[in-house]
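*Asks:* sharing a sequence plus its predicted fold:
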Amino acid sequence: MQPDSVILKYTRNHDMLVEGDVGPPGLDQFWNDLTIKGEGTGQRVLEIFSVRGIGSAKPYQEDNLRKTITTSKLTLDNVDLEANVIFKFDQLSNTLTFKDSKVYWHTRDPIFHSGTKLTVTSETGSNQWKGMAGTTIPADIDWNIKNGTTFEFFGAGAARRALSFTGQNRLNVEAGATLKFHESVLDFGSNSVLTLDPGSTLGFRTSETIATFDTLNVDGATLAYEGSAISFLPTTANLNDTTVNLVSGNLETRRLVLSGRHNTVTGDRSVDYLRAEVIKTKDTSSPTILNATHLNQIRAETLLLTPNLTINLDRASLRMLTGSDLRLQGGSINVDNRGVIGAFGQITGNDATINIDNGDFVVGETTELVLGPSLIFL
């Protein structure tokens, strides 16, 4: 009887040589469900080489010479996999599951193909994805980072050679889980949504890390930066009771939409900044607070200071750029402990409160003031 799955188990580090393409249909049907499992303490290293022939002196082949393993379900369990083959997921629905495992894709070929659906799950332990600089992946992918696990993109993509996704990408980080970007340059495309559940963490490490998304939804989670020259670039960032720790990094978005009373952005007052084309609240009827502490700059082109929005600047700077629009529509800004508001565009509106306590309000020479009778400076 033909088996419908295969489990490759090994107790010590191994090399596996692939001389020809393997996978369904026919006698290779069992490759449809493949588990690679390292047994014993610690992750076991498995290197899968594409070879021209057994005994080949050049195991790391060029892209057009790499062999293909075709599957629809791949589970990595306690394994450190270096794959110099192409894992081709070609079914309408495919799964890739990480259980305390790492994978280094030594290929620039798109292993997930257009028209296919893939679910990537970080199920247990600490997991890592590495490699594939300069690759474009067109498949639709759901990324599930489960409670208690960590999933890290490490060395995935590089400057001017990003790892790009052009399908619909949905990333969900559960409570107690962590998603990390480390020395990576990734673009998840215009159809991507990253959702952070309460109690989850999104981490960035080391320099020259760039992650681009269309929509970021954060509810009671933490964004943590470790390193310099880190850029997080969601088109829309929806923050609800969110903590953002910037250390020589930046969060850039077209639309920053705030809700909740416990939004905090901190930095080290060096080069860190939060930049948005528009800063506004999700719901003007609910109290919304943004606390900025030790932050070099909040840069905005348009700030809608609507009713129930409070911005607290504590050793932080709010800078309205030349040509920007500060619309005072009923909210308040509190400037404390050497905080600064720098307004170099147009200031309009009324019924707002700006409280300066050991801080500064700087207005540029070309700033246009169009203010109503209910504006209060304290």
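*Replies:* Structure received.

*Asks:* where along the stretch 251-378 of the chain do the strands fall?
*Replies:* Counting by DSSP state E, counting those that start in this stretch, the stretch 251-378 of the chain has these strands, from start to end: 263-266, 273-281, 288-293, 297-305, 309-314, 317-328, 332-336, 340-343, 346-349, 353-357, 360-363, 368-371, 376-377.

*Asks:* which one of those strands lies nearest to T68?
*Replies:* Using CB to CB as the measure, strand 273-281 is the one of the strands of the stretch 251-378 of the chain that comes nearest T68, at 43.6 Å. In this view, the C-beta of every residue, glycine as well, is placed from N, C-alpha and C.

*Asks:* so which bits of the closest one are buried?
*Replies:* Within strand 273-281, the residues that qualify as buried are 273-276, 278-281, counting by 16 or more other CB atoms under 10 Å.

*Asks:* would you mind putting the CA coordinates of it into CSV?
*Replies:* This file holds the C-alpha atoms of strand 273-281, laid out as CSV (Å, rounded to 0.1, in the frame of the first residue of the first chain):
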residue,chain,number,x,y,z
TYR,A,273,10.8,59.6,15.5
LEU,A,274,7.2,58.8,14.8
ARG,A,275,6.1,60.2,11.5
ALA,A,276,2.6,60.4,10.0
GLU,A,277,0.8,62.2,7.2
VAL,A,278,-2.3,62.3,9.3
ILE,A,279,-2.7,61.8,13.1
LYS,A,280,-6.3,61.4,14.3
THR,A,281,-8.6,59.5,16.6
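
*Asks:* pull up the pairing partners for that strand, direction included.
*Replies:* With DSSP bridges as the criterion, the sheet partners recorded for strand 273-281 are strand 249-259 (parallel), strand 297-305 (parallel).

*Asks:* dump the ones you listed to JSON lines, plus mean neighbour count, mean pLDDT and distance to K67.
*Replies:* As requested, these are arranged in JSON lines below (neighbours: other CB atoms under 10 Å; pLDDT from 0 to 100; distance: least, CB to CB, whole Å):
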{"stretch": "strand 249-259", "mean neighbour count": "21", "mean pLDDT": "91", "distance to K67": "40"}
{"stretch": "strand 297-305", "mean neighbour count": "21", "mean pLDDT": "90", "distance to K67": "50"}
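
*Asks:* now those strands as a markdown table including distance to G176?
*Replies:* Listed next are the strands paired with strand 273-281 as a markdown table, based on distance: least, CB to CB, whole Å:
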| stretch | distance to G176 |
| --- | --- |
| strand 249-259 | 22 |
| strand 297-305 | 30 |
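
*Asks:* where in this protein is pLDDT low?
*Replies:* By pLDDT under 70, the low-scoring segments of the chain are 1-4, 10, 12-30, 42-66, 107-115, 228-229, 364-378.

*Asks:* just checking, what packs against the helix or strand where R170 lies?
*Replies:* Secondary structure assigned from DSSP states H and E places R170 in strand 169-173. If you count contacts as 3 or more CB pairs under 8 Å, 6 or more residues apart in numbering; DSSP states H and E, strand 169-173 packs onto strand 140-145, strand 192-196.

*Asks:* at 10 Å what do you get?
*Replies:* Judged by 3 or more CB pairs under 10 Å, 6 or more residues apart in numbering; DSSP states H and E, strand 169-173 is in contact with strand 117-124, strand 140-145, strand 178-182, strand 192-196, strand 201-205, strand 210-219.

*Asks:* to I354, which of the ones you listed lies closest?
*Replies:* Across the helices and strands packed on strand 169-173, closest to I354 is strand 210-219 (CB to CB), at 27.6 Å.

*Asks:* that closest one pairs with which strands?
*Replies:* Paired with strand 210-219 in the same sheet, following DSSP bridges, are strand 185-187 (parallel), strand 192-196 (parallel), strand 230-240 (parallel).

*Asks:* just how off-centre is the shortest one within its chain?
*Replies:* If I follow you right, that is strand 185-187. Relative to the chain's own centre, strand 185-187 is displaced by 9 Å; criterion: CA atoms, centre = their mean, to the nearest Å.

*Asks:* over to the last one?
*Replies:* Between the mean C-alpha point of strand 230-240 and the mean C-alpha point of its chain there is a distance of 9 Å (CA atoms, centre = their mean).

*Asks:* would you mark the buried spots in it?
*Replies:* Judged by neighbour count (16+ other CB under 10 Å), strand 230-240 contains these buried residues: 230, 232-240.

*Asks:* using JSON lines, lay out these together with distance to P307.
*Replies:* Listed next are the buried residues of strand 230-240 as JSON lines, based on distance: CB to CB, whole Å:
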{"residue": "I230", "distance to P307": "34"}
{"residue": "F232", "distance to P307": "29"}
{"residue": "L233", "distance to P307": "30"}
{"residue": "P234", "distance to P307": "26"}
{"residue": "T235", "distance to P307": "26"}
{"residue": "T236", "distance to P307": "22"}
{"residue": "A237", "distance to P307": "22"}
{"residue": "N238", "distance to P307": "19"}
{"residue": "L239", "distance to P307": "19"}
{"residue": "N240", "distance to P307": "18"}
